[in-house]
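K.L.:
okay, structure incoming, though there's no sequence with it:
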């Protein structure tokens, strides 16, 4: 990690909040932004000029390396408001650690921990009215880093911009999620950047995901690029399979994101003596389990969606339907997680982080 | 391809050229830009408002999808000036076709051919004084497309910006190029976006390339992600191996860029009755050939570098030196290509494209 500067954050407040213009009951995920944003530049070998300012456009060269070489990483986090009006984050240190792991893999300088937390908490405090109470409501927080050096030559940037944007959100997915198991396209390679939240990992999935959508499916479950034999992740979610009462999920690797929701689900499951197997999961065993009835549930786990139950999957042109479980594992983990996130229950793991 | 609008390009000229401020004998590749740039926006389902304007910064939302999801592709081309002051492009249709193939894979709408060529030729004509005569000098041309829709949700953008920047260039590489053969890290996956000039493919290589640089090597030759057994490409160049008098290079696949310089080298070699094998090339056969003396040359082929002879490669901690050939294949192909590019020879393949 870069050593901390002890610079204070320069704070420039909006003169008038835009909050009155927002219809909080009709939010499109990730498209409305709160009054303020955070910005900090890396130049001459250090992070400098941390600033909170009104959310607004950037002025940036079209030759900035981010546009040409995708040298950019991001995080996704949420702030939650409890019934007393207190605002909480969920395991923010995990996101901090992960953005620096992602940065390292993308040859981006790591960001100092003290500035990250100071910026995050100051920003959430300033825009706390944008965090609406009520289960499912949250303020989605997007820290990201981009390469800003001017230059169309393929080498690491010498200048970067670290930013945090915040966007009020309702629930991410609506309706059933049907998925396609990837048989041709891939998300990541051994020795690649799949474990990083690198910008390009996401854009690369849009085309195959569109193909799935055209057939009536919302997401793709990616498989290993070598043989498409093993189930990996869903691009914006890690994936769990419940076979009888055992929970299966792919192990973390350099192809698979070390999801915060994923590891939280595993922790809850283990505490509750649910058998969890983190191991390579064969497509064939899940297909077999679907056929013989032992496959009870599939669900995705990720910050944006929390837990997304999967109602069907397609593999080799066959669609396997899953009976939706009202009181299944997905519901149980979702409730447990949300109760912790919204301060509706004890916090046995110490995951809540009080902001204000 | 998107149907062409018949819109005229709006042209806004600089009031004063910056060309007098540029030291054309001391250019850093890709860091100086000519007076004008081209911009065209995709909105409401069509490309609109094609504009040539003074090179300068963009105003763009920090929530534009390009920053978060790397939905961006690019091309690299060059304009050359001959001794009569005429300006030429080299196989521009190849770049046009490829940027649309790249766009398709990245779920970006394709760009109309007539606007592409009109913009390209108008821009080069306007800034023709930036193309300096003399072998090795060129005007590097960077068409690119980025996702501009505001939104931090991982789905294809509904808005894009297509741009062309131009940067005067001298020779790309100086000195010997030493390479490391990848044994752990990878560039691309089967079914991934390696064949596209997607922005994220390049940023993903910076960290492993830095590791190579720390050991005194300039580039990495990527191998297949499954087993690291086969030689693929060098990230900014395709790679050729000369074993005795046979030229070997990896076949085009969804992991390997269909390089314009690569296919031009193959065409010249075939015309000259050089035996060319486009087939999977084993690391082990190249190591064996290096040991028994049959490996005569390795060279990279790409627009920026044209042809880069490799003077050594490292594999499993052993460094294999190559005797640099004054009159080898690398020199021969480089001369042939440059003679065509600079209008110093016949153009038997019809590759030259006169701009002005």
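P.N.:
Arrived safely. Worth saying up front: this structure is predicted, and the values here are computed from it rather than measured.
K.L.:
so residue A:213, which of the three states?
P.N.:
helix (DSSP: H, G, I helix; E, B strand; the rest coil).
K.L.:
mind checking how far it is from residue A:263?
P.N.:
Separation of residue A:213 from residue A:263 (Cβ to Cβ, to the nearest Å): 29 Å. C-beta here means a position set from N, CA and C on the backbone, and glycine is covered the same way.
K.L.:
same thing with residue A:117?
P.N.:
Distance from residue A:117 to residue A:263, by Cβ to Cβ: 20 Å.
K.L.:
do the same with residue A:41
P.N.:
For residue A:41 relative to residue A:263 (Cβ to Cβ), the value is 32 Å.
K.L.:
check contacts around residue A:221.
P.N.:
For residue A:221, the contacting residues are A:179, A:180, A:181, A:182, A:231, A:232, A:233, A:234, A:239, A:313, by Cβ atoms under 8 Å, 6 or more residues apart in numbering or on different chains.
K.L.:
please apply the same query to residue A:164.
P.N.:
A:37, A:38, A:119, A:120, A:123, A:141, A:142, A:143, A:144.
K.L.:
can you check residue A:9 too?
P.N.:
A:38, A:50, A:51, A:52, A:115, A:118, A:119, A:122.
K.L.:
rerun that using 7 Å as the cut-off
P.N.:
Contact analysis of residue A:9 by Cβ atoms under 7 Å, 6 or more residues apart in numbering or on different chains lists A:50, A:51, A:52, A:118, A:119, A:122.
K.L.:
quick check: buried residues in stretch A:279-287?
P.N.:
A:281, A:283, A:285, A:286, A:287 (16 or more other Cβ atoms under 10 Å in any protein chain shown).
K.L.:
again, but for stretch A:218-237
P.N.:
Those would be A:218-226, A:228, A:230-237, for stretch A:218-237 by 16+ other Cβ under 10 Å.
K.L.:
which of the residues you listed fall within strands?
P.N.:
If you go by DSSP state E, the buried residues of stretch A:218-237 have A:219, A:220, A:221, A:230, A:231 in strands.
K.L.:
all helices for the stretch 201-350 of chain A, in order.
P.N.:
Here the stretch 201-350 of chain A has its helices, by DSSP state H, counting those that start in this stretch, at A:260-271, A:283-292, A:329-341.
K.L.:
and those helices as a markdown table, adding distance to chain B and mean pLDDT?
P.N.:
Below are those laid out as a markdown table (distance: least, Cβ to the nearest Cβ, whole Å; pLDDT from 0 to 100):
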| stretch | distance to chain B | mean pLDDT |
| --- | --- | --- |
| helix A:260-271 | 15 | 98 |
| helix A:283-292 | 14 | 98 |
| helix A:329-341 | 19 | 97 |
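K.L.:
of all those, which one is nearest residue B:170?
P.N.:
With Cβ to Cβ as the measure, helix A:260-271 is the member of the helices of the stretch 201-350 of chain A nearest residue B:170 (48.1 Å).
K.L.:
so which bits of the closest one are buried?
P.N.:
A:260, A:261, A:262, A:263, A:264, A:265, A:266, A:268, A:269.
K.L.:
wait, the fifth one sits on residue A:336?
P.N.:
Going back to what we said before, that points to residue A:264. No. Assessed by Cβ atoms under 7 Å, residue A:264 is found out of contact with residue A:336, at 8.7 Å.
K.L.:
for chain A, which spans come out with low pLDDT?
P.N.:
Applying pLDDT under 70 to chain A flags residues A:1-6, A:172-175.
K.L.:
residue of it nearest chain B, please.
P.N.:
Nearest residue of chain A to chain B: residue A:200, at 1.6 Å (Cβ to the nearest Cβ).
K.L.:
just want the angle from the helix or strand containing that residue to helix B:199-214.
P.N.:
In this structure, residue A:200 sits in helix A:199-214 according to DSSP states H and E. Relative orientation of helix A:199-214 and helix B:199-214, computed by axes from the mean of the first three to the mean of the last three Cα atoms, to 10 degrees: 150 degrees.
K.L.:
rewinding a little: excluding its backbone neighbours, what's nearest the residue of chain A closest to chain B?
P.N.:
residue B:200 (1.6 Å; Cβ to Cβ, 6 or more residues apart in numbering or on different chains).
K.L.:
quick one: contacts for the one you found?
P.N.:
Per Cβ under 7 Å, 6+ apart, neighbours of residue B:200: A:70, A:198, A:199, A:200, A:201, A:203, A:204, B:70.
K.L.:
which residues of the stretch 151-300 of chain A lie near chain B?
P.N.:
Proximity of the stretch 151-300 of chain A to chain B, by Cβ under 7 Å from any Cβ of the partner chain, involves residues A:151-156, A:163, A:165, A:167, A:184-186, A:188-193, A:198-204, A:206-207, A:210, A:225-226, A:236.
K.L.:
the same query, at a cut-off of 8 Å, please.
P.N.:
A:151-156, A:163, A:165, A:167, A:182, A:184-193, A:198-207, A:209-210, A:225-226, A:228, A:235-236 (Cβ under 8 Å from any Cβ of the partner chain).
K.L.:
which members of these are classed as buried?
P.N.:
Judged by 16+ other Cβ under 10 Å, buried ones among these: A:151-156, A:163, A:165, A:167, A:182, A:185-193, A:198-207, A:209, A:225-226, A:228, A:235-236.
K.L.:
in which helix or strand does the nearest residue to residue A:170 once chain neighbours are set aside reside?
P.N.:
Leaving aside its sequence neighbours, residue A:170 sits nearest to residue A:27 (Cβ to Cβ, 6+ apart; 5.2 Å). Following DSSP H and E, one finds residue A:27 outside all helices and strands.
K.L.:
what number of residues lie near residue A:27?
P.N.:
Residues lying near residue A:27 (other Cβ atoms under 10 Å in any protein chain shown) number 18.
K.L.:
quick check: phi and psi at it.
P.N.:
Per-residue torsions, residue A:27: phi -100, psi 130 (degrees, to the nearest 10).
K.L.:
shouldn't it be in contact with residue A:139?
P.N.:
No. Counting by Cβ atoms under 8 Å, residue A:27 does not reach residue A:139; the two are 10.8 Å apart.
K.L.:
quick check: neighbours shared by those two?
P.N.:
In contact with both residue A:27 and residue A:139: A:168, A:169, using Cβ under 8 Å, 6+ apart.
K.L.:
my guess is residue A:307 contacts residue A:300, does it?
P.N.:
Yes. Contact status for residue A:307 versus residue A:300: in contact at 7.1 Å, counting by Cβ under 8 Å.
K.L.:
so between the two, which is more surrounded?
P.N.:
When residue A:307 and residue A:300 are compared on other Cβ under 10 Å, the one with more neighbours turns out to be residue A:300, at 28 against 23.
K.L.:
contacting residues for the more buried one?
P.N.:
Per Cβ under 8 Å, 6+ apart, neighbours of residue A:300: A:177, A:219, A:234, A:236, A:237, A:238, A:239, A:240, A:307, A:308, A:310.
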